[in-house]
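Asker: Got a sequence here, can you build the structure:
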Amino acid sequence: MRFELIRAGRSEFRTLDLCRVVIAGWTGRDPAKVREHIWELASLGVAPPRATPCFYRVGLELLSTASSIDCIGDQSSGEAEFIIVVDEAGAWWVGLGSDHTDRHVETYSIPVSKQICPKPVASALWAYEEVADHWDALELRSWVDDGAGLTLYQEGTLAGMLDPRQTARAYVEQGHGEIGPGTLMFGGTFAALGGIRPRQRLRMELRDPIHERGLVLDYETRWLPFQES
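Answerer: Next up, the predicted model:
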């Protein structure tokens, strides 16, 4: 997959050879906030996880940098998440993505709900070492179009999420192996302001207030007709 890699104020375009996509869930640092997100999903009929954090594998073909995606029916929604991409040399890069999920399917199978929708990602990545020392200050926000323009949907700093190194350790401890070269990992998300709701447009930003820069992802979902034979 082709990315713009940004380091030391310079950028280069490079194709990274990816071999796995991992969705990390329930990665909040505050147990109370994790429970809040579990209850939020439980209200939609989603069974709670056996352990937190938890991990799901999805297909590489789901990744997309397109400005629009197609989903069956009108029950899917996006989630703003930081992503970690590991290049062929083992270096970490930080980006922005949306764990777009079918909320109806999620009520009976979380793994299938993750696999059934495309996963939009921003095409630019920051070098991890340039944000590691102020990781908790990074700001993550998303907005949805509720019919009268964009409305704030999610907001927080990454101080509210597990440090990605902790998440990577949990991945190993649970027997999944290393977050090695070729991995793209979604790092988890915040609860939605006003509750999870399907919307066709989502805009999100990962902002670095120290270096005064941001990554932006803006996409629309085409809801395809759902017809049973």
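Asker: any idea how far Thr221 lies from Arg199?
Answerer: To Arg199, Thr221 is 8 Å away according to CB to CB, to the nearest Å. Heads up, the C-betas are built off the backbone N, CA and C, glycines and all.
Asker: Compare those two (neighbour count), which wins?
Answerer: Taking neighbours as other CB atoms under 10 Å, Thr221 and Arg199 compare with Thr221 leading, 23 against 20.
Asker: Excluding chain neighbours, give the residue nearest to the more buried one in space.
Answerer: Take Thr221 and drop its neighbours on the chain: the residue closest to it by CB to CB, 6 or more residues apart in numbering is Gln200, 4.8 Å away.
Asker: hang on, isn't that neighbour packed against Asp145?
Answerer: Yes. Using CB atoms under 8 Å, Gln200 is in contact with Asp145, at 6.9 Å.
Asker: What residues does Arg29 make contact with?
Answerer: By CB atoms under 8 Å, 6 or more residues apart in numbering, the contact set of Arg29 is Ala159, Gly160, Met161, Leu162.
Asker: how about the last one, what does it touch?
Answerer: Under the criterion of CB under 8 Å, 6+ apart, the neighbours of Leu162 are Thr27, Gly28, Arg29, Pro53, Ala170, Gly187, Gly188.
Asker: For burial, what's the neighbour tally of the first one?
Answerer: When you say that, I think you mean Thr27. Other residues lying near Thr27 total 24 when counted by other CB under 10 Å.
Asker: Just want the phi and psi numbers for it.
Answerer: Phi and psi for Thr27, reported as degrees, to the nearest 10, are phi -100, psi 20.
Asker: so what pLDDT did it get?
Answerer: Note on Thr27: pLDDT of 91.
Asker: any idea how far Trp126 is from it?
Answerer: Applying CB to CB, the value for Thr27 to Trp126 is 19 Å.
Asker: middle-most residue in the protein, spatially?
Answerer: Nearest to the geometric centre of the chain sits Glu81, at 3.2 Å (CA atoms, centre = their mean).
Asker: Sounds good, over and out.
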